[in-house]
Structure formats: structure tokens, C-alpha cells
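Chemist: Got a sequence here, can you build the structure:
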Amino acid sequence: MQHPMGASEDRRPVQDWAPPPPTAPPALPDSTGHVALPPGGPVPLPLAPESGTGSATLAVLLIGPAGAGKTTVARYWAGSRRVPTAHISLDDVREWVCSGFADPQTGWNDHSEAQYRLARRTCGFAARNFLANGISCVVDDAVFPDRPVIGLGGWKRHVGPGLLPVVLLPGLEVVLERNAKRGGNRRLADEEVAGIHGRMAGWYGSGLPIIDNSTYDVPTTARVLDDVLAQSIASPPAW
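Modeler: Numbering: from 1, shown residues only. Have a look, this model is predicted:
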């Protein structure tokens, strides 16, 4: 029987059309210049150089109160070495936090404590990675002697037993004068600077090398720092 209109009825099922599955593009050669980096491990003590720190690859922790000049000296020392050396400022890393930055000057609390700890751990990881790739590293931080667990002990855990700590501690009047020239949230109240300086005096008798740079300019302090570090490599301080 013919369908009305003269066309025969087609009872075959109608199939939906689907596009062919995509094919993966051909693999391209690696042209990004990627260099595999060795992972950073605990930093060991370097070998003793013949004079100064020479070409030794080492990790340094420069300790001092606000206004001691530790950031300026660390940067100068790192830039004056004849081997690759990096400088990491804890304050710079801490200020990576933009929204939600916990400024200790507005009151020390759990948030500022956590951000300090996070910054120290980040600096420690960075130092280990620099050292693993043949680049020395100097980190500056205001580490207090009366908080060994989260202070010097924390740095030793983060970086390794080869970390060389040095204290930069000029006189109080010098620290106050230098702090007065600082700007932004890096400038502290005189009372706070005096309190920090007093606590830093606890490093005397600790066995750590201490440099009083009250009468030194930056280049002279950097040279003294290099000599002190060479002595620390030859005879590591107990800490």
C-alpha cells in the first residue's frame, strides 16, 4: 500500500549526527629552554676557604635590630662577592601579603605571628633551593635570643645545620638615628627600637659572632662580615 502523497513510508531509525572525536595535536619538541633544577636539601657546612669566604657556597643569617643596617649590609655583601650570591630580606617576603597584611606595629596577634612564621619558612625554602643550585644566600632577620624555638632554632630547621648566623649590633644611639631615617611601616617608635635593642643584647655570651658596626660604613662592615664568616666556616659556632 502506498503512502498518501505517493511516497513510500521509511521506517528506518533516524541517527543523530555527531562530530568525529578530536585528535591530539602532534607533540612538539621542548623549545622553552626548561632546565631541571635539583631539589633543595638541608644545607651542610662549606669547606674552609683560604682567605675570606672566597668562592665558598654558603648560607648566612644576618641578625640585628631595626636600624642596624642588616638589609643594606647583606645586599652589599651579596653584590660584592665574586661568586653568585642571593640576598633575601624577610621583611620583603613578609610584605608579599597585600590584602590582609598583619602589621605588628598595629598589635602583635596570631595573624602577625603566623605571617612571620610563614615568611621565615618561605625564606628557608628559597635559601635551600639557591644553595642546591650553586648560589650562596644571605637572609636578614630580627631574631631574638629569648625565643630560640621559633627564632634561631626555626631557621636551623628551615635551612640546615650549615647555616652561619652573625649578629649585627651597633650601639643604641646609632640604631635610633638610623631608624629615624627609615620610612613607611619599617620605621618604628623609639621606645620599640630601644626595647628590641635591649633584647638583642642577649646575644652577647651566646657564642654567636657579633659585629658592632657603630663606626663602620657599609663597605667596611661587609668586609668585616666576610672575615667573620670565614672564621665561622673554619670553626663553626655552637648554636
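
Chemist: State which helix of this structure is the longest.
Modeler: helix 110-132 (DSSP state H).

Chemist: Need the CA coordinates for that helix. CSV is fine.
Modeler: Taking C-alpha atoms only, helix 110-132 is exported to CSV below (Å, rounded to 0.1, in the frame of the first residue of the first chain):
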residue,chain,number,x,y,z
ASP,A,110,48.0,35.3,65.9
HIS,A,111,47.9,36.7,62.4
SER,A,112,51.1,38.6,62.5
GLU,A,113,52.8,35.6,64.3
ALA,A,114,51.6,33.2,61.6
GLN,A,115,52.7,35.6,58.8
TYR,A,116,56.2,35.9,60.3
ARG,A,117,56.5,32.1,60.6
LEU,A,118,55.3,31.7,57.0
ALA,A,119,57.8,34.3,55.7
ARG,A,120,60.6,32.6,57.6
ARG,A,121,59.7,29.2,56.2
THR,A,122,59.5,30.6,52.7
CYS,A,123,62.9,32.3,53.0
GLY,A,124,64.3,29.0,54.3
PHE,A,125,62.9,27.1,51.3
ALA,A,126,64.4,29.7,49.0
ALA,A,127,67.8,29.6,50.6
ARG,A,128,67.9,25.8,50.3
ASN,A,129,66.9,26.0,46.6
PHE,A,130,69.6,28.6,45.9
LEU,A,131,72.2,26.5,47.6
ALA,A,132,71.2,23.4,45.8
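
Chemist: which is the next helix or strand following that helix?
Modeler: Next helix or strand after helix 110-132 toward the C-terminus (DSSP states H and E): strand 136-141.

Chemist: Other residues contacting that next one?
Modeler: Contact with strand 136-141 is made by 56-64, 70-71, 74, 77-78, 81, 83-90, 120, 123-124, 126-127, 130-131, 155, as judged by CB atoms under 8 Å, 6 or more residues apart in numbering. Where you see a C-beta, it was placed from the backbone N, CA and C, and this is true even at glycine.

Chemist: The helix or strand just after that strand versus strand 136-141: what angle between them?
Modeler: The first helix or strand that comes after strand 136-141 along the chain, using DSSP H and E, is helix 152-159. Here helix 152-159 runs at an angle of 150 degrees relative to strand 136-141 (axes from the mean of the first three to the mean of the last three CA atoms, to 10 degrees).

Chemist: Okay then, goodbye and thanks.
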